[in-house]
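Undergrad: need the 3D shape of this:
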Amino acid sequence: MSIPLSGTVKRSAGVYSALSKQLRGVNLKPVKKISISFDPFGSKTGPTRSLMYYLTGPKIANTNPNCRVKAQVLCDRSEPSVTFNLNSGENIIFKTSNLTVLELLQLFNKYISSQAPVEEPVVELKTKSEKKRR
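TA: Just a heads-up that it's a prediction; the model follows:
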């Protein structure tokens with residue numbers, strides 16, 4: 001008697017492919033300002049600093065050129081946090097001390113990127129003579 005196969009057939013591609021998948025969905029259009037605060041001498045600031053690196057990258061920064069990113073380096077042993085001021089007037093705060101970069105990006109896409117307006121592609125109709133010109 002054979003055992004039926006269940007679950008996935010192949011393994012996941014890993015953390016790096018999951019990060020790149022989440023980074024493709026990041027959209028800063030609903031965000032007005034991002035404030036990132038961390039203590040550089042704290043032990044759990046790595047993911048917060050990595051998130052700051054990803055959010056200030058050229059591809060993601062071009063999704064909203066008017067979005068301001070402010071890094072606050074504190075020396076008061078406070079836990080790292082990221083505050084998003086949205087265009088709608090809401091403030092969303094992520095306390096990032098026990099989260100990984102992948103979890104932060106998943107939360108960002110779930111709560112913030114989902115509020116971005118969906119862009120519809122513009123289709124231009126061309127006549128035969130316009131197509132021949134090119």
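
Undergrad: in the chain, which helix or strand is least confident?
TA: helix 128-133 (a mean of 75; mean pLDDT, DSSP states H and E).

Undergrad: so where does the residue most central in space within the chain fall, helix or strand?
TA: Nearest residue to the geometric centre of the chain (CA atoms, centre = their mean): Val26, 3.7 Å. Under DSSP states H and E, no helix or strand contains Val26.

Undergrad: in three-state terms, label the nearest residue to it once chain neighbours are set aside for me.
TA: Here the nearest residue to Val26 in space, its sequence neighbours aside, is Ile60; by CB to CB, 6 or more residues apart in numbering that works out to 5.2 Å. To be clear about C-beta, it is placed using only N, CA and C from the backbone, and glycine gets the same treatment. With DSSP: H, G, I helix; E, B strand; the rest coil as the basis, Ile60 sits in helix.

Undergrad: quick one: contacts for the residue nearest to the centre of the chain?
TA: The contact partners of Val26, taken as CB atoms under 8 Å, 6 or more residues apart in numbering, are 54-55, 60, 63, 105, 108-109, 113.

Undergrad: now intersect those residues with the strands, please.
TA: Within those, no residue falls in strands by DSSP state E.

Undergrad: ok, these vs Glu119, which is closest?
TA: Comparing these against Glu119 with CB to CB places Thr63 closest, at 10.6 Å.

Undergrad: helix/strand/coil for Gln22?
TA: Under three-state DSSP, Gln22 falls in the helix class.

Undergrad: what about it, distance to Ile36?
TA: Here Gln22 is placed at a distance of 18 Å from Ile36 (CB to CB, to the nearest Å).
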